[in-house]
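Q: Generate a structure from the sequence data that follows.
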Amino acid sequence: MKRRNFLTIAALTAASSCSRTSPAPGLRVLSGKEARTLEAWVERLIPTDQDAGAREAGVVHFIDRLLAGWLKRKRQPWKSALEGIDRGAFLAYAKPFYELEPKRQIALLEQMEAGKASREAFPDDGGKAAFELVLSYTMMGFYGNPRHGGNRDYVSWQMLGVPAVPVRGRRHRDEAALVENEKPNSSSGKETL
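A: Numbers count the residues shown, from 1 in each chain. Alright, predicted model coming up:
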């Protein structure tokens, strides 16, 4: 192979690898833009008021953790949902979703819930499936057991008056799973929480 061809191939490979989005700091899968969009979305679904909301409960981290594990093979609907809501926000207000005022964010989410969002942003169903996807995982991340990465500091359980009781007999297994998930590039091939 000639030197010029080698350098051309090397440059193209480097450029293509740079175009991939890398995870935001502290996350495993979501890029910075995706994380900001998702955080704004889940915060509109469970807003902070006198009690903690989705942001304080770590719902974005919960979803990101699932996308790195159990939902690894189902990332495309998430990517489409986040791209769609930003596209809808740009079409309506010329800004990404996370930069909109809460009233405008809520208006877009209400359109999606009814299946009436822009067909340019959500061609199949007007955003209904994307809304339901994010809503269901937001609820899991907010109300679920903190060992899965959401409900940080038991914030939703405290709000409901539910005592923070660990699941008996699973401590050793849960700690082992956490250690395994914290390893960079685990080669076990297992998808664990």
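Q: Contacts for stretch 119-128, please.
A: 84-85, 87-88, 91, 111-118, 130 (CB atoms under 8 Å, 6 or more residues apart in numbering). Any C-beta I mention is one placed from the backbone N, CA and C, and that applies to glycine too.
Q: closest to Leu27 among those?
A: Ile85 (18.3 Å; CB to CB).
Q: isn't the closest one right next to Glu113, touching?
A: No. Using CB atoms under 8 Å, Ile85 is not in contact with Glu113, being 12.0 Å away.
Q: quick one: which of those two has more around it?
A: Ile85 (28 against 15; other CB atoms under 10 Å).
Q: quick one: contacts for that one?
A: 37, 41, 97, 108, 112, 121, 127, 130.
Q: Quick one: residues contacting the fifth one.
A: Going by CB under 8 Å, 6+ apart, Met112 touches 85, 88, 122, 126-128, 130-131.
Q: before we move on, back to that, list buried residues within the contacts of stretch 119-128.
A: 84-85, 87-88, 111-112, 117-118, 130 (16 or more other CB atoms under 10 Å).
Q: got CSV for those residues, with secondary structure too?
A: Output for these, formatted as CSV (DSSP: H, G, I helix; E, B strand; the rest coil):
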residue, secondary structure
Gly84, helix
Ile85, helix
Arg87, helix
Gly88, helix
Gln111, helix
Met112, helix
Ala117, coil
Ser118, coil
Ala130, helix
